[in-house]
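Curious how this folds, go ahead:
(one chain, ligands or ions: 1)
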Amino acid sequence: MFNRRNFIRISGLSTLVGLTGIETAFGNMEKKSTKPSGKGLSLRFLPYNLQLKHTFTIANSSRNSTPDMLTCLEFDGMRGYGEASMPPYLGESIESCTKFLSSLDLSQFKDPFQMDDILRYVDSLMPGNCAAKAAVDIALHDLVGKIMGQPWYKIWGFDPADTPNTSFTIGIDTPEVVIQKVKEAAPYNILKVKLGQLTDKEMINAIRSVTDKPLCVDVNQGWTDRDKALEMIYWLKEKGVVFVEQPMPKTAIDDMAWLTAHSPLPTVADEALQRLPDVMKAHGVYSGINIKLMKCTGMREAHQMLTLAKSLGMKVMIGCMTETSCAVSAGAQLSPKADWADLDGNLLISNDPYSGMQVVGGKVTLIDKPGIGISIQQPVF
Ligand code: MG
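Numbering: from 1, shown residues only. I've put the predicted structure just below:
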């Protein structure tokens with residue numbers, strides 16, 4: 001499926017290749033690529049279609065795959081791996097990611113430990129492109145961790161015993177399907193229920209007919225009336241729900257601040273928050289934040305967000321997209337300091353080329369391997 005002909009190298013003294021050149025290069029790598037100099041950082045990347053185990057349905061569309069870009073950052077014979085997962089609704093694509101990664105010249109950096117300078121350069125090149133930036137950031141962390149011979153949770157000083165349980169998501173569906181999904185979620189200790197429709201109470205009652213496990217709910221901005229939202233949160237608390245994610249539209253800031261002030265359960269910002277400056281904006285409006293590497297450009301900024309949110313007394317959740325074990329394991333490095341984790345993205349796909357973080361007894365379980373702690377199951381680079 002993969003061979004060296006598929007590689008793209010942005011390396012050494014190579015002339016930056018435009019999008020058209022890259023597309024051609026997939027079919028004829030020998031002509032288009034250049035050899036790494038062996039001095040600076042060398043980045044390669046490869047589109048990879050994540051095959052979903054189950055059809056993913058939202059509103060009026062459904063899909064069976066998620067576009068993804070796998071990256072490999074090489075320095076002095078060592079390799080770090082990263083990825084960009086690009087669910088269509090977030091606005092990035094294989095085309096935009098290829099364009100962004102092609103425009104980088106990482107060969108100018110001769111020392112991978114200068115992570116601040118490297119990632120500042122990557123971030124400054126173009127606005128947006130957060131998943132593409134995360135693909136570089138994760139690969140750099142993996143590389144630097146491997147050079148140091150340590151996993152990032154250790155470099156950051158976290159205790160792997162402190163990892164939280166990860167939730168398993170139950171989508172909006174009929175009571176019969178919901179009950180079936182709850183049975184499939186037997187290995188998990190906390191269930192994340194998607195709400196935001198007229199059937200919210202029906203969903204919760206169906207789940208409660210078969211399990212007493214703690215629940216959290218993700219409303220995805222679905223409630224628009226703050227009084228009704230508060231009433232619903234009181235009802236959910238009685239039903240054993242522990243927090244409510246993005247209950248109201250991200251633009252309803254005043255209503256959200258009021259709701260959080262009156263809510264008997266913590267509220268968590270997801271759609272309302274993307275990067276580091278958003279943490280301050282969420283303070284006083286939400287009780288906590290959902291950090292996702294693909295939203296915030298990767299591990300470096302995620303760590304900064306975690307530190308800031310904790311210093312402000314906010315709750316932190318580490319989430320993910322549909323991803324391989326690469327990005328999920330990268331996010332998991334932060335999880336010992338998180339209150340909650342929603343790291344099930346790799347379990348939703350059938351063609352994961354890596355293995356890494358495991359869910360054992362429902363709990364995020366870190367692997368004592370350098371970098372982001374992954375092993376290659378199917379060679380891609
Ligand atoms: Mg969410």
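
switch to C-alpha atoms for all contacts and neighbour counts from now on
Fine.

I figured residue 273 hits residue 288, correct?
No - with contact defined as C-alpha atoms under 8 Å, residue 273 does not reach residue 288; the gap is 10.3 Å.

Find the nearest non-adjacent residue to residue 324, please.
residue 346 (4.7 Å; C-alpha to C-alpha, 6 or more residues apart in numbering).

which residues touch the one you found?
By C-alpha atoms under 8 Å, 6 or more residues apart in numbering, the residues touching residue 346 are 322-325, 328, 352.

export those to JSON lines and tack on pLDDT, distance to residue 212 and secondary structure?
Formatted as JSON lines, these follow (pLDDT from 0 to 100; distance: C-alpha to C-alpha, whole Å; DSSP: H, G, I helix; E, B strand; the rest coil):
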{"residue": "322", "pLDDT": "94", "distance to residue 212": "27", "secondary structure": "coil"}
{"residue": "323", "pLDDT": "97", "distance to residue 212": "29", "secondary structure": "coil"}
{"residue": "324", "pLDDT": "98", "distance to residue 212": "31", "secondary structure": "coil"}
{"residue": "325", "pLDDT": "98", "distance to residue 212": "30", "secondary structure": "helix"}
{"residue": "328", "pLDDT": "98", "distance to residue 212": "28", "secondary structure": "helix"}
{"residue": "352", "pLDDT": "98", "distance to residue 212": "32", "secondary structure": "coil"}
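
Sort out which of the residues you listed are buried, if you could.
For the contacts of residue 346, a neighbour count by 16 or more other C-alpha atoms under 10 Å gives the buried set as 322-325, 328, 352.

Tell me, how many residues neighbour residue 76?
Using other C-alpha atoms under 10 Å, residue 76 has 13 other residues around it.

Now the phi/psi pair for it, please.
Torsion angles at residue 76 (phi, psi; degrees, to the nearest 10) stand at phi 50, psi 40.

wait, which of the buried ones among the contacts of residue 346 is closest to residue 315?
residue 328 (20.0 Å; C-alpha to C-alpha).

Find the nearest non-adjacent residue to that closest one, please.
residue 343 (6.3 Å).

The one you found belongs to a helix, doesn't it?
No - under DSSP: H, G, I helix; E, B strand; the rest coil, residue 343 falls outside any helix and is assigned coil.

which one is the residue nearest in space to the middle of the chain nearest to, not counting chain neighbours?
Closest to where the C-alpha atoms of the chain average out (C-alpha atoms, centre = their mean) is residue 320, at 2.9 Å. Nearest in space to residue 320, with sequence neighbours left out and distances taken as C-alpha to C-alpha, 6+ apart, is residue 292 at 5.2 Å.

Roughly how far does the residue nearest to residue 328 sit from residue 250?
Distance of residue 343 to residue 250, given as C-alpha to C-alpha, to the nearest Å: 23 Å.

ditto for residue 352
To residue 250, residue 352 is 33 Å away according to C-alpha to C-alpha.

Which positions in stretch 208-219 come out as buried?
By neighbour count on 16+ other C-alpha under 10 Å, the buried set for stretch 208-219 is 208, 213-219.

just checking, the residue nearest to residue 328 touches residue 323?
No - with contacts defined as C-alpha under 8 Å, residue 343 does not count as touching residue 323, sitting 9.4 Å away.

Where do the strands of the stretch 201-350 of the chain begin and end?
215-218, 241-245, 267-269, 288-292, 315-319, 340-341 (DSSP state E, counting those that start in this stretch).

who wins for proximity to residue 78 among these?
Of all these, strand 288-292 sits nearest to residue 78, with 26.7 Å by C-alpha to C-alpha.
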